[in-house]
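A.B. asks: test case, fold it:
(chains A and B)
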Amino acid sequence: EPEVTQTPSHQVTQMGQEVILRCVPISNHLYFYWYRQILGQKVEFLVSFYNNEISEKSEIFDDQFSVERPDGSNFTLKIRSTKLEDSAMYFCASKMTRNTGELFFGEGSRLTVL
Amino acid sequence: KQEVTQIPAALSVPEGENLVLNCSFTDSAIYNLQWFRQDPGKGLTSLLLIQSSQREQTSGRLNASLDKSSGRSTLYIAASQPGDSATYLCAVRPERYSGAGSYQLTFGKGTKLSVIP
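C.D. replies: Predicted structure coming up:
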């Protein structure tokens, strides 16, 4: 069964360092998303991406964050200068159609900022 | 602002029991509602998606209902098994985010289910 894959599964970094989280969405999907979940808290929306541009972003997604689809398969989330509060599980998700259809999530990348 | 609440926060049942998980949302103007399962330290697995025009969806031992006007959804699990132990999340997509490419789900905090053998 097609799935969303994410790498790395866990990354430990020092505060102030740049981090890139990678995702390979399901191949025929057109809409891509990043969500995050701080330990013990709700899953929160970060950003949605379609047709090579951001279509929506939340208040969390400030200038330190960026997304990119550098080729036909990868979808990346970059955090320019990590802060302690960026420690969370980051989930990539994708879906095929604009309106209906399920959102499929990857297994997540756990980011620990020291 | 949409708020999603799930009650109870945790539930422990003996194997074989039928159970109901509850989800409520404050803004009834939703496009659809999705139930997910999350195993510890893992990603989210989609269980059921209910469009706002639907009343229920079924998949195997799972049945989800939606009462949009009252802002409620339930997930019914029949004949529970130890393998059903996980956290169950519900998430809603508001109508106003129905534009091209957008899909901002608002999640509840989940119900942690333990099925005792």
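
A.B. asks: and the helix or strand of chain A with the lowest mean pLDDT, what's buried?
C.D. replies: Of all helical and strand segments in chain A, the minimum by mean pLDDT, DSSP states H and E falls on strand A:53-57, at a mean of 89. Neighbour-count burial for strand A:53-57, with 16 or more other C-beta atoms under 10 Å in any protein chain shown as criterion, is recorded at A:55-57. C-beta coordinates here come from the backbone N, C-alpha and C atoms, glycine included.

A.B. asks: ok, now stretch A:36-46?
C.D. replies: By neighbour count with 16+ other C-beta under 10 Å, stretch A:36-46 contains the buried residues A:36-37, A:42-46.

A.B. asks: what is the end-to-end distance of that stretch?
C.D. replies: Start to finish, the residues bounding stretch A:36-46 are 7 Å apart (C-alpha to C-alpha, to the nearest Å).

A.B. asks: let me know the average pLDDT across that stretch.
C.D. replies: Model confidence over stretch A:36-46, given as mean pLDDT, is 94.

A.B. asks: so what pLDDT did whatever residue of chain A ends up closest to chain B get?
C.D. replies: When C-beta to the nearest C-beta is the measure, chain A has its nearest residue to chain B at residue A:50, with 3.0 Å between them. Turning to residue A:50, the model gives it a pLDDT of 88.

A.B. asks: one more: residue B:102?
C.D. replies: In this prediction, residue B:102 carries a pLDDT score of 57.

A.B. asks: show me which residues of chain A sit near chain B.
C.D. replies: A:4, A:6, A:31, A:33, A:35, A:41-45, A:48-51, A:55-56, A:58, A:91, A:93, A:95, A:98-108, A:110 (C-beta under 8 Å from any C-beta of the partner chain).

A.B. asks: just the buried members of those?
C.D. replies: For these, buried by 16+ other C-beta under 10 Å: A:4, A:6, A:31, A:33, A:35, A:42-45, A:48-50, A:55-56, A:58, A:91, A:93, A:95, A:102-108, A:110.

A.B. asks: please narrow the residues you listed to those residing in strands.
C.D. replies: When strands are assigned by DSSP state E, the members of those inside them are A:6, A:31, A:33, A:35, A:43-45, A:48-50, A:55-56, A:91, A:93, A:95, A:104-105, A:110.

A.B. asks: excluding its backbone neighbours, what's nearest the residue most central in space within chain A?
C.D. replies: Geometric centre of chain A, nearest residue: residue A:34, 3.2 Å, by C-alpha atoms, centre = their mean. By the measure of C-beta to C-beta, 6 or more residues apart in numbering or on different chains, the closest residue to residue A:34 outside its immediate chain neighbours is residue A:46, 4.3 Å from it.

A.B. asks: do I have it right that the one you found meets residue A:61?
C.D. replies: Yes. Under the contact definition of C-beta atoms under 8 Å, residue A:46 touches residue A:61, with a separation of 4.9 Å.

A.B. asks: now do the strand or helix carrying residue B:5: which elements does it pack against?
C.D. replies: When elements are assigned from DSSP states H and E, residue B:5 belongs to strand B:4-7. If contacts are counted by 3 or more C-beta pairs under 8 Å, 6 or more residues apart in numbering or on different chains; DSSP states H and E, strand B:4-7 sits against strand B:19-25, strand B:86-94.

A.B. asks: circling back to that earlier point, after the least confident helix or strand of chain A, which helix or strand is next?
C.D. replies: On the C-terminal side of strand A:53-57, the closest following helix or strand by DSSP H and E is strand A:65-68.
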